[in-house]
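Participant: Sequence and predicted structure below; questions after.
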There are 2 protein chains.
Amino acid sequence: MPTYKAPVDDVMFLLGDVFHIDRYNNLPGFAEATPDLIEAVLGEAAKFCEDVLTPLNRVGDKEGCRRHDDGSVTTPTGFKDAYRRLVEGGWIGASAPVEFGGQGLPRVLSQAIGEFLVSANMAFAMYPGLAQGAAAAIFAHGSAEQKALYLPKLISGQWAGTMNLTEPQCGTDLGLTRTRAAAQPDGSYKITGTKIFISAGEHDLTENIIHLVLARIEGAPAGTKGISLFIVPKFLPTKDGARGARNAVSCGSIEEKMGIHGNSTCVMNYDGATGWLVAEQNRGLQAMFTMMNEARLGVGVQGLALSEVAYQNAAAYAKERLAGRALTGAKFKDKPADPIIVHPDVRRMLMEIRAFNEAARALVLWTALKSDVAHRSGDAKERQAADDHMGLMTPVIKGVITDKGFANTVTAQQVFGGHGYIAEHGMEQFVRDARIAMIYEGANGIQALDLVGRKLPKDGGRALQAFFAEVSAYIKDHGADAALSPYVKPLGQALGELQQATMWFMQNALGNPDNAGAGSTDYMHLFGLVALGYMWCLIAEAANAKSAAGNGASDRMAAKLATGRFFAERMLPASALHLARIKAGAASTMALPAEAF
Amino acid sequence: MPTYKAPVDDVMFLLGDVFHIDRYNNLPGFAEATPDLIEAVLGEAAKFCEDVLTPLNRVGDKEGCRRHDDGSVTTPTGFKDAYRRLVEGGWIGASAPVEFGGQGLPRVLSQAIGEFLVSANMAFAMYPGLAQGAAAAIFAHGSAEQKALYLPKLISGQWAGTMNLTEPQCGTDLGLTRTRAAAQPDGSYKITGTKIFISAGEHDLTENIIHLVLARIEGAPAGTKGISLFIVPKFLPTKDGARGARNAVSCGSIEEKMGIHGNSTCVMNYDGATGWLVAEQNRGLQAMFTMMNEARLGVGVQGLALSEVAYQNAAAYAKERLAGRALTGAKFKDKPADPIIVHPDVRRMLMEIRAFNEAARALVLWTALKSDVAHRSGDAKERQAADDHMGLMTPVIKGVITDKGFANTVTAQQVFGGHGYIAEHGMEQFVRDARIAMIYEGANGIQALDLVGRKLPKDGGRALQAFFAEVSAYIKDHGADAALSPYVKPLGQALGELQQATMWFMQNALGNPDNAGAGSTDYMHLFGLVALGYMWCLIAEAANAKSAAGNGASDRMAAKLATGRFFAERMLPASALHLARIKAGAASTMALPAEAF
């Protein structure tokens, strides 16, 4: 059985020493979040994840969700009780607005806790995650009445939520949506159609489920311009907010899938179900888009979370499993063989994961802080700059962290040898669970296109220029610092390559947009390397400062400095390969006629 | 449901146009294997795989194998009938010696057919594969009596076989083997111990199963020098070769695992089971090693086979699924959207798989031809050179083709978006099945160590020098050919990097062997790139010749030339990254104390 220990220390180091969270005390909710409070909150969350959710992870995978003939769905043993405890702890609304019953804590804390939840039990964590998403949509776009009716119950966790976008014929291309909405005299709509791949679509965790559904109002324009967003509750609320009559929406079946078995992935049938419009008519996609950065950030965190828990278990196994002798001579002569952590290739695997995880966590928390600024700052310029950062970094975090996070679970499984392939060790479940994060919330190829085709040129490249300026300034300011140069110098090289790649697109993609498309995934990963390399510089700087201050954390800081060097020497140089691929252009990629495939 | 079409045309092109199989007509069995015969044999195998095995692939995954209370095991519905047809077709002994009932066809044909079988149904294909392995071991090391008793039945398929190496406390490090063998007065041994992860350990496909078991004779030296190999049949054969009494070996349980559910992966309990020594006492590991090249080549083929079938299904889906419009303007204005194959990033994914598969197939068949030479040539020097090639290329084929083959199944799954995560499309099964090939028959980290630590220095580097000389000579001879230079020039670059990496090991690994260990996986992949790049040169040369000859295959040849360019421009340049990682040395990899992980 896999184990898990939430990286509370690392989050505290990142928030305190690297990102100086105290500098954000002007934002609402931050001053209250003192270091002691943050540590206490993270510690409580860690305990819940380690003690309650981790033991249920394999149970959820084995049992899965069961749909009964009446369309009801039972979640795995223990999920209902764990959900009750999650609700009682107030975790779902930790950073939700106080006016609707939330605790108003910084979002960056929710993201940190989100990582713990997913590491412990991804399938379980999706249930509250989707409720939070539904609440965010209604908060951003709902009427005052809708907010008052739904938000308190979604934020408390009394009711759950879902997102209904995909249909059998469309996923990425939502312009092909067929679900129809017929206006009723009372201002409501009758929703009819089939939605697929609906996570948490039906379950027994809450007394009601609030579905957010994309549909086409009769007579609406074709394509993406004719799609509207609706609230469709499983049970219609009464005027006073109680649970009323059953609505005409039901789970037709549960998908049989590769992983996240503990989450019910449903085909949802809407048979003239009553719904209410959210935001304006035909502006449904725009409404979804405004929440997409947060949702995609959350999926990026899933990649990190599974990479982290897989790493922890692989490291523990490598210290325990005996096989062979160190190349430099036996290290444990009293044992029949050395533990496999003595072998350089096993180390390589562990270091690759670890060097990624620590920087990815930094990138996530940095960006979550920007999200707080974008939502809470009183300064319009600050908000805009933070929003620019979010928009630019979202596809990078979603695409890169889920791609690499998945690859890391595969690497961690490899450390176990044959035992990694056997279900009881849990490593193969991490692989199967992590796989979905590369696909949903916009497949990673879509993230790459979003980055290259939309985020780079947006507002005349303002977001990109700001990021380049920040990283360049850092390199300039710290290039002469001998202690930092092992991190800063390779970053300078990678940044130069990213800038060359950007320039190459400017010169070659206008004439032939396929040149951007064919290089988009490489560009996204090149961008990710630069962002992670920058995070390693900040971490190394903070680790040096902390070591110099001599506060007893020097072993931990020394490990960070060594891990960052591994990243700089062995991982960051992939930037040159990405640039070479980008510069190869689209010709050979697009050469074959379709029928040759 | 996934479909499959065996690449008979591609195998014919490789054997005929690229490797000129007619030049091997001096070897026994080759002259009989005329192009017409080869095409007929491949065509029959293709039909069997496409029509009989492919439909059973998902059945096997869903049903798995069931162990009953009496220790017997039932294979999935349809497997028994398919196995009967495999036996009737004489497929198991296609390239086995005629004197024991085989057909004596070239081994290269068996490997080609092996790819088809695994593409169609990997879990099924493992049953005959293990019988072939057991036959090979007895052929190489058994006494005349053992050969006469077991080979005809293993080669016909009447009996099956297994390999029993792994125990709970040891896999890679077989020196830790605990299974005991006690000598009996009649010359037999009583075998006692537990073996795990035994593929095809128990099943209902054949009337008998011949287990090959590593065990330690009482009083034998500790470690790898005290291990012997035994034949332990499920039913003891009578003197005249009939099935006799039940032996004391039984299946204790079936492992619950990530994939290959249709194959029974068993815990095997030996409770004083009767066994007979194969080869000399305490020489069991050496006996296993002599068969290891063939077995590992077979596992490499598994990586290719799943990459191929996953590619075929992804390509079909990409031509059919509609989403979005081409970046260069709508291609199918009459449809609500373009098929996704118009999108450059989808093309990139398909091209990456395809450009790998075609070269990997060439590398496999080239090496299988060397295996034929090594086993059948009358010329000792030719045999030695071929054996050198086999030894050198085996870890590369096993490690690189299974690593990339798995990654390719993941990429192919990605083309399907959300549908790739759902079981009914079969793409996620390819991922789960392909994963094991990176682990068994020596985890890929062990392949890398075998390459760097054993195969490079062996015989004063004779095998490596021969390979370098051949590729260098090719580059020299064809460097001026304008039609080939897009393939030859990048290969020259990559070869130079491989030679630099080799030199770096010579200069830095003697003093600190960790420098070789930390770079071993990168070296293996760098080697693989050069080998595959060389294959693309040979393919391009043959494709040019065939196009010039104007025999009607020019579209197919043009596609090959374009695919090879993609490889040269986008995949081969990874060589520089591998070199950079190797040259980074072991310092940052080994820096952390074990307790810091």
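Facilitator: Looks like it arrived, so ask away. Numbering: from 1, shown residues only, chains lettered A, B, ... in the order given.
Participant: Residue A:161 is in contact with residue A:153, correct?
Facilitator: No - using C-beta atoms under 8 Å, residue A:153 is not in contact with residue A:161, being 9.8 Å away. For every residue, glycine as well, the C-beta is placed using N, CA and C.
Participant: the more surrounded of the two?
Facilitator: residue A:161 (28 against 24; other C-beta atoms under 10 Å in any protein chain shown).
Participant: which ones are touching that one?
Facilitator: If you count contacts by C-beta atoms under 8 Å, 6 or more residues apart in numbering or on different chains, residue A:161 has them with A:130, A:131, A:132, A:133, A:134, A:135, A:154, A:200, A:209, A:210, A:211, A:212.
Participant: Give me every residue in the stretch 151-300 of chain A lying close to chain B.
Facilitator: A:166, A:169-173, A:175-176, A:196-197, A:255-259 (C-beta under 8 Å from any C-beta of the partner chain).
Participant: ok, and the most crowded of these?
Facilitator: Neighbour-wise, these (other C-beta under 10 Å) top out at residue A:197, 25 neighbours.
Participant: what's the neighbour count on residue A:25?
Facilitator: 12.
Participant: How far off centre is stretch A:463-483?
Facilitator: Centroid displacement of stretch A:463-483 relative to its chain, using C-alpha atoms, centre = their mean, to the nearest Å, is 27 Å.
Participant: Show me where the stretch 151-300 of chain A has its helices.
Facilitator: In order along the chain, the stretch 151-300 of chain A carries the following helices (DSSP state H, counting those that start in this stretch): A:284-320.
Participant: now the strands for it?
Facilitator: Counting by DSSP state E, counting those that start in this stretch, the stretch 151-300 of chain A has strands at residues A:159-164, A:180-183, A:189-199, A:208-217, A:228-233, A:235-237, A:243-246, A:249-254, A:265-278.
Participant: For the contacts of residue A:161, could you give me TSV that also reports neighbour count?
Facilitator: Shown next, in TSV, are these (neighbours: other C-beta atoms under 10 Å in any protein chain shown):
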residue	neighbour count
A:130	26
A:131	28
A:132	25
A:133	24
A:134	25
A:135	28
A:154	31
A:200	29
A:209	25
A:210	25
A:211	28
A:212	26
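Participant: Show me which parts of stretch A:420-427 are buried, residue by residue.
Facilitator: A:420, A:421, A:422, A:423, A:425, A:426, A:427 (16 or more other C-beta atoms under 10 Å in any protein chain shown).
Participant: My error: substitute stretch A:97-106 in the last question.
Facilitator: By 16+ other C-beta under 10 Å, the buried positions in stretch A:97-106 come out as A:97, A:100, A:101, A:102, A:103, A:104, A:105, A:106.
Participant: Likewise for stretch A:182-196?
Facilitator: Buried residues in stretch A:182-196 (16+ other C-beta under 10 Å): A:188, A:189, A:190, A:191, A:192, A:193, A:194, A:195, A:196.
Participant: what's the closest of those residues to chain B?
Facilitator: Of all the buried residues of stretch A:182-196, residue A:196 has the smallest distance to chain B: 7.7 Å, by C-beta to the nearest C-beta.
Participant: check contacts around that closest one.
Facilitator: Contacts of residue A:196 by C-beta under 8 Å, 6+ apart are A:166, A:167, A:168, A:255, A:267, A:268, B:418.
Participant: So which of those residues is surrounded by the most neighbours?
Facilitator: Highest count within the contacts of residue A:196 by other C-beta under 10 Å belongs to residue A:268, 24 neighbours.
Participant: any idea how far that residue is from residue A:240?
Facilitator: Going from residue A:268 to residue A:240 by C-beta to C-beta, to the nearest Å gives 27 Å.
Participant: mind listing what's buried in the lowest-mean-pLDDT helix or strand in chain A?
Facilitator: Between all helices and strands in chain A, the lowest mean by mean pLDDT, DSSP states H and E belongs to helix A:284-320, at a mean of 94. Applying a neighbour-count criterion of 16+ other C-beta under 10 Å, one finds A:284-285, A:287-288, A:291-318 buried in helix A:284-320.
Participant: elements contacting that helix?
Facilitator: Helices and strands touching helix A:284-320, by 3 or more C-beta pairs under 8 Å, 6 or more residues apart in numbering or on different chains; DSSP states H and E, are helix A:107-141, strand A:208-217, strand A:228-233, helix A:344-376, helix A:380-415, helix A:427-435.
Participant: quick one, that helix and strand A:208-217 angle?
Facilitator: Helix A:284-320 runs at 130 degrees relative to strand A:208-217, counting by axes from the mean of the first three to the mean of the last three C-alpha atoms, to 10 degrees.
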